[in-house]
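Undergrad: Have a look at this fold, sequence not included:
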């Protein structure tokens, strides 16, 4: 796969790992296109489960700090993810939370809005398409003739990478955009950034998606909310003003307003802006300030039109929210 | 005021054991109306329970939902948001923003299983000291009935990185 140029003194040792993710982040690295050849010139891949056959034991055998840069994508969902996160932290000089899931929990962290066993109950118990009369559910241990086998346990909640280990840099996005990824790779390869940092966000802008949005703002208030599958937005006009719930005002720039340009409201994958800590609440502020309602009764009616506000406003950032997830009984 | 007598003044009397937990309420009051209303209650020596900790802000439209949730995440059992009556806002329509944000925030909080009743929202004018005192009494009993929220303990139990209040509104690595 990726090999260093012969004669080069010390190629950059790069690792990439997927925890609770869909694999899209791994693919996004390939989106850099022909520049991949340049990456091959300057880097050695020392661990990348999606593309190469290194084992955890190989990584455990590396000296501490052997890996120059580890791009870690996916949130922390199981004891395996937690263990590998700690292992890779020890072996990496620079640990990068790569993509929305590693940085804010991403889509899997929406499970934090359900009870911890809610997913298992739905998938193995109550799904309408399910036929599981003997209620078989996955176990973490099973006795076989070769002895007891053990699988990792699913954690009760999805955590961000930086809830488990110290993270040096964060590249947000679902997935991070190729040009942004490449600019970060170039920066790292040039040695132009310190190896250690405090979860500094890179490969993104610092303002909101509205800053990059080409649509016109007509300074009109929202009359009624529309769901994307039930209405066609007018071209060139702010989607939020038209009543489509758009995460743009509360979402960090850096994607170039990709979805909005394609006629779809911003889904919020780049996480909170530099000026806000909690993305969902920033969106409550933005949308609440722009309702056409002139009295309380009408405001309540308008608010009731939004389906699943927490799941929409925090689509990619429940694990990074102030509350972190649904209230559960304390032990 | 007849209904005042049922409240002890807990600043001088220790709480009886059955009342070892007291609801903690953070009350955000706007400078121009509601805080002056609370002042009115105080200068008129109206009694109300000491469970509400008052934070004065310039306008109820200034009360970012992040502040409300930071209060819950930081250990508050209830939050009060009070501003000028609609039409009376010193900044013309700052309170219109509050009027829309509060029901939206309640819906978001419900999905985190925080009861809407923990977020108390009422308009209190500068002259309505008695309304403010009554509101604190009602809010205290309402939140008492809902019980303790204990969010900091919940975050500790999940072993997530602390979410300090200083981290609000900035590019902080929390």
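TA: Structure's in. What do you need? Predicted model only: the values in this text are computed from it and were never measured.
Undergrad: C-alpha only now, for contacts and for neighbours.
TA: OK.
Undergrad: Just the element for residue A:185, please.
TA: helix A:178-189 (DSSP states H and E).
Undergrad: and that helix, what does it pack onto?
TA: If you count contacts as 3 or more Cα pairs under 8 Å, 6 or more residues apart in numbering or on different chains; DSSP states H and E, helix A:178-189 packs onto helix A:24-30.
Undergrad: next one: the helix it packs on to chain centre, how far?
TA: 13 Å (Cα atoms, centre = their mean, to the nearest Å).
Undergrad: Next: stretch B:21-37.
TA: 6 Å.
Undergrad: Within range of chain B, give me the residues from the stretch 51-200 of chain A.
TA: Within the stretch 51-200 of chain A, the positions near chain B by Cα under 8 Å from any Cα of the partner chain are A:113, A:157, A:159, A:162, A:163, A:164, A:198, A:199, A:200.
Undergrad: Assumed residue A:76 was part of a strand.
TA: Yes: applying DSSP: H, G, I helix; E, B strand; the rest coil, one finds residue A:76 inside a strand.
Undergrad: in the helix or strand of chain B with the lowest mean pLDDT, what counts as buried?
TA: Using mean pLDDT, DSSP states H and E, helix B:151-158 stands out as the lowest-scoring helix or strand of chain B, at a mean of 89. Residues B:151, B:152, B:154, B:155, B:158 are the ones in helix B:151-158 that count as buried (16 or more other Cα atoms under 10 Å in any protein chain shown).
Undergrad: With distance to residue B:34 as extra columns, can I get those residues in a markdown table?
TA: Formatted as a markdown table, the buried residues of helix B:151-158 follow (distance: Cα to Cα, whole Å):
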| residue | distance to residue B:34 |
| --- | --- |
| B:151 | 28 |
| B:152 | 29 |
| B:154 | 32 |
| B:155 | 33 |
| B:158 | 38 |
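Undergrad: Okay, and residue A:57 sits in which element?
TA: Assigned by DSSP H and E, residue A:57 belongs to helix A:56-61.
Undergrad: Could you chop chain A up by domain?
TA: The record's domain parsing of chain A by automatic domain parsing lists A:12-108+A:158-201, A:115-154, A:209-320.
Undergrad: Pipe the ones you listed into CSV and attach mean neighbour count, mean pLDDT and distance to residue B:105 per row.
TA: As requested, the domains of chain A are exported to CSV (neighbours: other Cα atoms under 10 Å in any protein chain shown; pLDDT from 0 to 100; distance: least, Cα to Cα, whole Å):
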stretch, mean neighbour count, mean pLDDT, distance to residue B:105
domain A:12-108+A:158-201, 20, 94, 21
domain A:115-154, 12, 91, 21
domain A:209-320, 21, 94, 6
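Undergrad: could those domains be laid out in JSON lines, adding distance to residue B:28?
TA: Formatted as JSON lines, the domains of chain A follow (distance: least, Cα to Cα, whole Å):
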{"stretch": "domain A:12-108+A:158-201", "distance to residue B:28": "29"}
{"stretch": "domain A:115-154", "distance to residue B:28": "31"}
{"stretch": "domain A:209-320", "distance to residue B:28": "16"}
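Undergrad: excluding its backbone neighbours, what's nearest residue B:130?
TA: If the residues on either side of it in the chain are set aside, residue B:130 comes closest to residue B:41, at 6.0 Å by Cα to Cα, 6 or more residues apart in numbering or on different chains.
Undergrad: Which residue ranges of chain B form strands?
TA: B:25-30, B:52-57, B:78-83, B:119-123 (DSSP state E).
Undergrad: Can you name the residues that contact residue A:157?
TA: A:77, A:109, A:111, A:112, A:116, A:325, B:158 (Cα atoms under 8 Å, 6 or more residues apart in numbering or on different chains).
Undergrad: residues touching the last one, list them.
TA: This means residue B:158. residue A:157 are the contacts of residue B:158 under Cα under 8 Å, 6+ apart.
Undergrad: so where do the strands sit in chain A?
TA: With DSSP E as the criterion, chain A has strands at A:12-18, A:43-47, A:67-73, A:76-78, A:92-98, A:141-144, A:147-150, A:154-159, A:169-171, A:200-201.
Undergrad: Distance to residue B:65 added to the ones you listed, as TSV?
TA: Output for the strands of chain A, formatted as TSV (distance: least, Cα to Cα, whole Å):
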stretch	distance to residue B:65
strand A:12-18	34
strand A:43-47	43
strand A:67-73	30
strand A:76-78	28
strand A:92-98	28
strand A:141-144	44
strand A:147-150	44
strand A:154-159	23
strand A:169-171	26
strand A:200-201	24
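Undergrad: Next, work out how far apart the nearest residue to residue A:213 once chain neighbours are set aside and residue A:66 are.
TA: Spatial nearest neighbour of residue A:213, excluding adjacent residues (Cα to Cα, 6+ apart): residue A:257 at 5.5 Å. According to Cα to Cα, to the nearest Å, residue A:257 and residue A:66 sit 37 Å apart.
Undergrad: Dump the residues of the stretch 51-200 of chain A next to chain B to TSV, plus distance to residue B:95.
TA: Formatted as TSV, those follow (distance: Cα to Cα, whole Å):
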residue	distance to residue B:95
A:113	30
A:157	37
A:159	36
A:162	38
A:163	37
A:164	41
A:198	38
A:199	37
A:200	36
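Undergrad: out of the residues you listed, who's nearest residue B:124?
TA: residue A:113 (34.2 Å; Cα to Cα).
Undergrad: Now the nearest residue to that closest one once chain neighbours are set aside, what are its backbone angles?
TA: Excluding the flanking residues, the one nearest residue A:113 by Cα to Cα, 6+ apart is residue A:326, at 4.8 Å. Per-residue torsions, residue A:326: phi -60, psi 150 (degrees, to the nearest 10).
Undergrad: how big is the angle separating the least confident helix or strand of chain B from strand A:154-159?
TA: Counting by axes from the mean of the first three to the mean of the last three Cα atoms, to 10 degrees, helix B:151-158 points 120 degrees away from the direction of strand A:154-159.
Undergrad: And the strands of chain B: which comes nearest chain A?
TA: Chain A lies closest, by Cα to the nearest Cα, to one member of these: strand B:119-123, at 11.2 Å.
Undergrad: so residue A:173 touches residue A:97, yeah?
TA: No: with contacts counted by Cα atoms under 8 Å, residue A:173 stays clear of residue A:97, the gap being 10.6 Å.
Undergrad: Residue A:275 versus residue A:204, what's the distance?
TA: Taking Cα to Cα as the measure, residue A:204 falls 14 Å from residue A:275.
Undergrad: can you pull out the helices in chain A?
TA: With helices called from DSSP state H, chain A shows them at A:24-30, A:35-42, A:56-61, A:79-91, A:100-104, A:118-121, A:161-164, A:178-189, A:239-242, A:258-261, A:279-288, A:296-304, A:309-313.
Undergrad: quick one on the thing from earlier: of the domains of chain A, which is nearest residue B:68?
TA: Of all these, domain A:209-320 sits nearest to residue B:68, with 9.6 Å by Cα to Cα.
Undergrad: so how far is the first residue of the closest one from its last?
TA: 19 Å.
Undergrad: The residue nearest to the spatial centre of chain A: what's it in contact with?
TA: In chain A, the centroid-proximal residue (Cα atoms, centre = their mean) is residue A:100; its distance is 1.6 Å. Residues near residue A:100 by Cα under 8 Å, 6+ apart: A:74, A:106, A:171-176, A:269-271, A:316-317.
Undergrad: Could you point out which of the residues you listed is nearest to residue B:27?
TA: Checking the contacts of residue A:100 one by one against residue B:27 (Cα to Cα), the nearest turns out to be residue A:317, at 27.7 Å.
Undergrad: For the closest one, which non-adjacent residue is closest in space?
TA: Using Cα to Cα, 6+ apart, the closest residue to residue A:317 is residue A:104 (4.6 Å).
Undergrad: and the one you found, how far is that from residue A:158?
TA: Taken as Cα to Cα, the span from residue A:104 to residue A:158 is 10 Å.
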